[in-house]
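S.K.: Give me a model of this one.
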Amino acid sequence: MNLICSSQIKETVDSKNGFLEFKFGKSSKDFQGKIQKVDALIANNNSTKYQVIAPEYKKVFGYEVSEIYLLFFKDKLYAIDIEFVDEDESNAYPYIKGKLQTLFGKETGNLKREESNELKLIDGIIWVGNMNTLYLHDFYTLSTGKYYTAIYYKDQVLQDEMTQQEF
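M.R.: Next up is the predicted model:
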């Protein structure tokens, strides 16, 4: 019988330290030709958002990706947002959840279901490491009537540094 304790999960969430070659703390210059800057309103002036445009990142776990965004603080990668769109009900979420559980073990928590004017959070789980945190969200977009699944993976240390600067 294989048992995974929570300290092993934390090491795994921390040791991955990003998605494929997109490692936390790296500069946007490290990904030239693979990303393009997105004109998006970001709360912090020292933050920039890029979209991954390289064709080799169009599938994750064999599932087609809608968008991948990289967020940088002072030109250091601190968050990765991977989005999958489902045309029908959310089939991506249980599949990707299973893949992440295989990779990181059982999630360390559940997200509170919420609804806003634009989004309805159907389900969400979280893996919390010592340095990194990974979220899996299952959303329904009210304006488009589409379901989508998103992986949000962040470097908690850089996120905290950014938050400290804002306060």
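
S.K.: any idea whether residue 107 is helix, strand or coil?
M.R.: When classified by DSSP: H, G, I helix; E, B strand; the rest coil, residue 107 comes out as coil.

S.K.: tally of neighbours for it?
M.R.: 19 (other C-beta atoms under 10 Å). From N, CA and C alone the C-beta is placed, and that goes for glycine too.

S.K.: Likewise for residue 97?
M.R.: 17.

S.K.: where do the strands sit along the chain?
M.R.: Using DSSP state E, the strands of the chain run over residues 18-19, 22-23, 35-38, 47-52, 59-60, 63-64, 67-73, 76-86, 109-110, 119-128, 132-141, 146-155.

S.K.: could you dump those to a markdown table with mean pLDDT?
M.R.: Shown next, in a markdown table, are the strands of the chain (pLDDT from 0 to 100):
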| stretch | mean pLDDT |
| --- | --- |
| strand 18-19 | 92 |
| strand 22-23 | 96 |
| strand 35-38 | 93 |
| strand 47-52 | 92 |
| strand 59-60 | 90 |
| strand 63-64 | 87 |
| strand 67-73 | 94 |
| strand 76-86 | 91 |
| strand 109-110 | 82 |
| strand 119-128 | 88 |
| strand 132-141 | 91 |
| strand 146-155 | 91 |
